[in-house]
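Student: sequence plus the predicted model coming up.
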Amino acid sequence: MIEEKYKLSESERLELDHGVGIKKKLTSKEVTVSVVKQVVLAIIALIWLIPIIWLVVTAFSTNPGINIAHFFPNGYTLNNFITVLTKPDSVVQFKTWFLNTLVIAIFTCIISTIFVLQVSYSFSFCRFRGRKQLMSFSMILNMFPSVLSMIIIYFIMKQFGLTNSHIGMVIVYSAGSGLGYLVIKGFMDTISMSVKEAAVIDGASELTIFTKIVVPLCKPIIVYQIISSFLMPWGDFVFAKLMLNSGISTDWTVAIGLYNMLEKSMINKYFAIFCAGGLLVSIPISVLFLIMQKYYVEGVTSGASKG
Amino acid sequence: MSETKTNIGESIGKYFSDLGTAVADGDGFVKGSLGIMGLGYFAHKQVIKGILMTCAEALFILMMIYYGVPYLSQFGTLGTVQFESVFDPLTMTNKTNDYDNSFLILLNSIITIFLIICFILLYVSNIKSCYRLQLDDENGNHIRTFSEELKDVYNGKFHITLLTLPTVGVILMNIIPIMVLIAVAFTNWDQAHMPPAALFDWVGIANFKAVFTNSVSSSFGYSFGKILSWTLIWAVVATFTCFIGGILLASLINSNGVYFKKMWRTFFVITIAVPQFVTLILVRNFFANQGIVNTIFDHAGIIEWLKNRHMITTNYVPFLTDKNWAKFMIIMINIWVGIPYQMLISTGILLNIPQGQVESARIDGANRFQIFRHIIMPYIMVVEGPALITDFVRNINNFNVIYLLTQDVYVTQNQLMANANAKEVDLLITWLFRLTNEYYNYKMASVIGIIVFVICAAFTLIAFSRVMASGKEEDLR
């Protein structure tokens, strides 16, 4: 790692010294610089991809446990995937987990996207007394990490009988989502107020302005919001583990199910299956993430610079 | 900041003086709505609103009688009747007495207090609007009908319509739990006092004292100091390594002479697209004491080499089981996790850098380093400065990386730390999590939670107070 950082900074230095950016014919020196850069990038990328490569090859491994002698498995098979997808047992219920998580994710996504849009519109386009104070208050409240109050939320949900229920999970994931308004509000702030004023003159109500004008204009950032809230239940395992604690494996989400396979007593039997399951989950998530990344950049920077 | 303070002071003053005028100058009906809330509306032709208000009042009173008062009356003691279970030989079942559950008393009392505050606000605004109505009536202004008022729901008062549900959600998921958490910090709720089997009680600030002091029976002060300093060091190092690394990587990929830019970027993005609990657990097994990296190191003779230099004493490199190695590895692995994110953000910013400035600097004879140092870096800092603080706060609470890498792997050798259920590699937040989840020590966890919150809120306020105070938001339009 240290070596890599050194190489990176050296290439950076090379790049800085040689005035890249001025368009002219490639000299042999520039060709060398280019080659060095590509090689450095390839090495860095390899380091970043090693765990992913390990995930992929282990998922196809004939050895069910962790192979500690070699990086690459001794033999390749599709059995791990077949087990994950078609042979549910007391430990592996992948298809059920996948459906559970999908349902939770869809409802979480719908509710939190609507909540966030409502809050963002109110803060960005409506002017009412106490708006600034409410914004500062929600920002401070948002600083309170959910892990802190998680246990209290658990006890509250237990009072309502919502632990071990997927409705409870949706509530936990989406109820407080209104606080995450910063990114979308930042985007809405870039829409000129005169758009709204013109609509008001034309006799449009606030409801019309919200649904027919502002929301369509925010489409790119809404895609970001939809995908990021959809992804939350797939990545979270702490909350899920706390809330779905009945021990009945058909109730679980993908994250708890996979994590459970790595209990000390099971890891040697299920590690390859864990990798196969992890790989299967990662594929749809990666696709969504790749779609989201261009909005991600826009979202983070626009939200941050405009407060 | 001081300006906003006086504003708040003034508006609070105005709030009460308005109420005073309404009560003093109001007619009999306004004064009557001190007792029956709808009265002012009945007198001034807003019958439906009057009925609604009176119903709300009746509902509140009923709820207080049947729900609020029974709990609130026990708030001072948090329950007195201990849980008892007696086996009844006649029915062959266990009979439990009518016991008190301290947690339910605490929770429901707080909800009740919340409802009372909401009701008081409604009550005051009711009196004021009755008075306004009376004035309108006297001056012969048009009194709006109920259907006219309903239109406000999606027009004039649209923000209230929009904010209602999200606010209810935030109150349920954030505000009430935080209030309960704060209350728990002043009780003795731990494994020895677990409802429903046992009661817990108020203990004042004893828990706060325990966090900052050491005694024969408790080493919380010692552990707290160590963990707090590691948390802050971690947050600073993690934020800066990822920040710098991300910028360097992004500018390397963006620089001329690099082909397949999109492909390189996708490689790095893939690593963050795979869920963290999968990658981090893989990496954890990768660096296990009997893991594959140690095998490779052994074959390559690196273990021998390290041993000869007394850097390790074991036959393996204790990547995640020795406190110094573990801290080093956690930071390294976090670089692995964090740089791709930072690269994505920096790429977006680098592509937006005004090229005119760069060109003119070049014409003036600035070299690449000077351009980077004096044009590109300041630009990045302006755009990303606030995000850096958010990152810092996020790293203070970086639960996933620490928990997934060290849970079940790292065991502390330090007896004083172990006494407080802490590990050297814990952040405040993972310590807190394990205190509640594994040791049921809710009282101490709440104290730590409050401290974490204060730290985070302080940093956030410092970072955003300037943005908030200045009218920057409007300038941008």
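Tutor: Here it is on my side, so go on. Numbers count the residues shown, from 1 in each chain, chains lettered A, B, ... in the order given.

Student: what's the closest non-adjacent residue to the residue in the stretch 51-200 of chain B that chain A sits nearest to?
Tutor: Distances between the stretch 51-200 of chain B and chain A by Cβ to the nearest Cβ are smallest at B:Pro166, namely 3.0 Å. Bear in mind the C-beta positions are built from the backbone N, C-alpha and C, glycine included. Of all residues not flanking B:Pro166 in the chain, A:Gly178 sits nearest, at 3.0 Å (Cβ to Cβ, 6 or more residues apart in numbering or on different chains).

Student: touching, the residue of the stretch 51-200 of chain B closest to chain A and A:Ser174? I think so.
Tutor: No: at 9.9 Å, B:Pro166 does not count as touching A:Ser174 under the criterion of Cβ atoms under 8 Å.

Student: shared neighbours of these two, which are they?
Tutor: Listed contacts common to B:Pro166 and A:Ser174 are A:Phe115; contacts here mean Cβ atoms under 8 Å, 6 or more residues apart in numbering or on different chains.

Student: coming back round to it: show me what contacts the residue of the stretch 51-200 of chain B closest to chain A?
Tutor: By Cβ under 8 Å, 6+ apart, the neighbours of B:Pro166 are A:Phe115, A:Val116, A:Gln118, A:Val119, A:Ser177, A:Gly178.

Student: who are the packing partners of the helix or strand the first one falls within?
Tutor: Secondary structure assigned from DSSP states H and E places A:Phe115 in helix A:94-125. Applying 3 or more Cβ pairs under 8 Å, 6 or more residues apart in numbering or on different chains; DSSP states H and E, one finds that helix A:94-125 contacts helix A:79-86, helix A:131-142, helix A:166-174, helix A:182-188, helix A:219-235, helix A:254-260, helix A:267-306, helix B:158-170.

Student: and these: which comes nearest B:Ala43?
Tutor: helix B:158-170 (25.5 Å; Cβ to Cβ).

Student: could you list the buried residues of that closest one?
Tutor: Going by neighbour count (16 or more other Cβ atoms under 10 Å in any protein chain shown), the buried part of helix B:158-170 is B:Phe158, B:His159, B:Thr161, B:Leu162, B:Leu163, B:Leu165, B:Pro166, B:Thr167, B:Gly169, B:Val170.

Student: B:Phe399: which of those residues is nearest?
Tutor: For the buried residues of helix B:158-170, the nearest to B:Phe399 is B:Val170 (21.0 Å; Cβ to Cβ).

Student: residue contacts, the closest one?
Tutor: A:Ser138, A:Leu141, A:Ala175, A:Gly176, A:Gly178, A:Leu179 are the contacts of B:Val170 under Cβ under 8 Å, 6+ apart.

Student: again, only this time at 7 Å
Tutor: A:Gly176, A:Gly178, A:Leu179 (Cβ atoms under 7 Å, 6 or more residues apart in numbering or on different chains).

Student: any idea how far it is from B:Asn367?
Tutor: To B:Asn367, B:Val170 is 52 Å away according to Cβ to Cβ, to the nearest Å.

Student: and for B:Ser346?
Tutor: 21 Å.

Student: and these two? Which one has more around it.
Tutor: B:Ser346 (26 against 14; other Cβ atoms under 10 Å in any protein chain shown).

Student: pLDDT value on the closest residue to the more buried one other than its chain neighbours, please?
Tutor: Of all residues not flanking B:Ser346 in the chain, B:Ala250 sits nearest, at 3.7 Å (Cβ to Cβ, 6+ apart). Looking at B:Ala250, its pLDDT is 89.

Student: helix or strand for B:Ala250, which one?
Tutor: helix B:220-254.

Student: list the contacts for B:Val30?
Tutor: With Cβ under 7 Å, 6+ apart, B:Val30 has these contacts: B:Ala22, B:Gly40, B:Ile127, B:Cys130, B:Tyr131, B:Gln134.

Student: mind checking the SS state of the fourth one?
Tutor: For B:Cys130, the assignment made with DSSP: H, G, I helix; E, B strand; the rest coil gives helix.

Student: burial measure for residue 152, as a count.
Tutor: Picking chain A for this. 24.

Student: oops, chain B please
Tutor: For B:Asp152, using other Cβ under 10 Å, the count is 14.

Student: tell me which two of the contacts of B:Val30 sit farthest apart.
Tutor: B:Ile127 and B:Gln134 (10.7 Å).
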